[in-house]
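In: Kindly generate the corresponding structure for this input.
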Amino acid sequence: MLEARDLTVGHGRRAVLSGLNLTLRPGEVLCLLGPNGGGKTTLLRTLLGLIPALGGEVRLEGQPIARLSRRDVAQRLAYVPQAGQGGFAYPARAVVAMGRAARLGLFAAPGAADHAAAEAALARLSIAHLADRPVTELSGGERQLVLIARALAQGGSAIILDEPTASLDFGNQALVLREVRALARRDGLAVLMTTHQPDHALLLADAVMLISAGRAEGPAPPEALITPGTLRAAYGVEAVIGTLGARRVVAPLI
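Out: Numbers count the residues shown, from 1 in each chain. The predicted structure follows:
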């Protein structure tokens, strides 16, 4: 679905990461894990086709992304940014309907099919009751779900989420993570998500790529890549990994 082949990413002529290979398949979650400044954002922007690769290539549905128009990319690959506090007080329904823009002609207004897609996305995430509320009045978790619904309304088959649980409280993190997992497990989408939380990667991911200090490890199964040694190297802290019920958990030693 989304592939990187011997990819080098960076700014101008300065490479940040090189030799990257990854494949994002339908029904799978790939987590990019690592500290700030490691290159995650640069990699995301390259995978989205927003900045050119310095080497290698990104392929979307078998085609080089550099040869696709922005409209073609947007119809196949959706992006969900972090939910900020600002912005205009649009109703949630209107924000979700904006996801249909890539499927409309220039100056065209959304039609019945576009409104139906927006309503279906709201219902899919169980937030239809928020449709008429301004997004500025919603909680952080609710705003994030609205942005995910907007991505669903685009109608693509792959979604990239940039730290979808950033700045959310514990309850809203669980709410958003549950829906992110369902995008792959229930809807069969290809999902790529960045996170700072090793626990989230262990909970959700089929594969993890650990990015730190200009190096990338993986993709690999979470239990193989998330270890006390790799966490120490990436974050400079000691951590212990244990089990709680049927799942593995990470705790820093402080």
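In: Now do the SS call for the most centrally placed residue in the chain.
Out: Centroid-nearest residue in the chain, with Cα atoms, centre = their mean: L161, separated by 1.7 Å. Following DSSP: H, G, I helix; E, B strand; the rest coil, we place L161 in the strand state.
In: List the residues that contact it.
Out: By Cβ atoms under 8 Å, 6 or more residues apart in numbering, L161 lies in contact with Y79, V80, I148, V180, V191, L192, M193, T194. Every residue, glycine included, has its C-beta placed from N, CA and C.
In: same check, this time on A149
Out: A92, V96, G99, A118, A121, L122, R124, L125, I127.
In: Which of the residues you listed ranks first by neighbour count?
Out: Greatest neighbour count in these, by other Cβ atoms under 10 Å, goes to V96: 32 neighbours.
In: What residues does that residue make contact with?
Out: Residues near V96 by Cβ under 8 Å, 6+ apart: A118, A121, L122, A131, V146, A149, R150, A153.
In: one more time with 7 Å
Out: With contact taken as Cβ atoms under 7 Å, 6 or more residues apart in numbering, V96 is in contact with A118, A121, L122, V146, A149, R150, A153.
In: Which residue is the nearest non-sequential neighbour of the fifth one?
Out: When the adjacent residues along the chain are set aside, A149 lies closest to A121, with 4.1 Å between them (Cβ to Cβ, 6 or more residues apart in numbering).
In: The fourth one too?
Out: Beyond its immediate neighbours in the sequence, the residue positioned closest to V146 (Cβ to Cβ, 6+ apart) is A92, lying 4.8 Å away.
In: Quick one, grab the pLDDT at that neighbour.
Out: On the pLDDT scale, A92 is placed at 93.
In: show me the contacts for the residue nearest to A149.
Out: With Cβ under 7 Å, 6+ apart, A121 has these contacts: V96, A149, L152, A153.
In: for V95, same thing?
Out: Taking Cβ under 7 Å, 6+ apart, one finds V135, V146, R150 in contact with V95.
In: one more time with 8 Å, if that's ok
Out: V95 neighbours (Cβ under 8 Å, 6+ apart): V135, V146, L147, R150.
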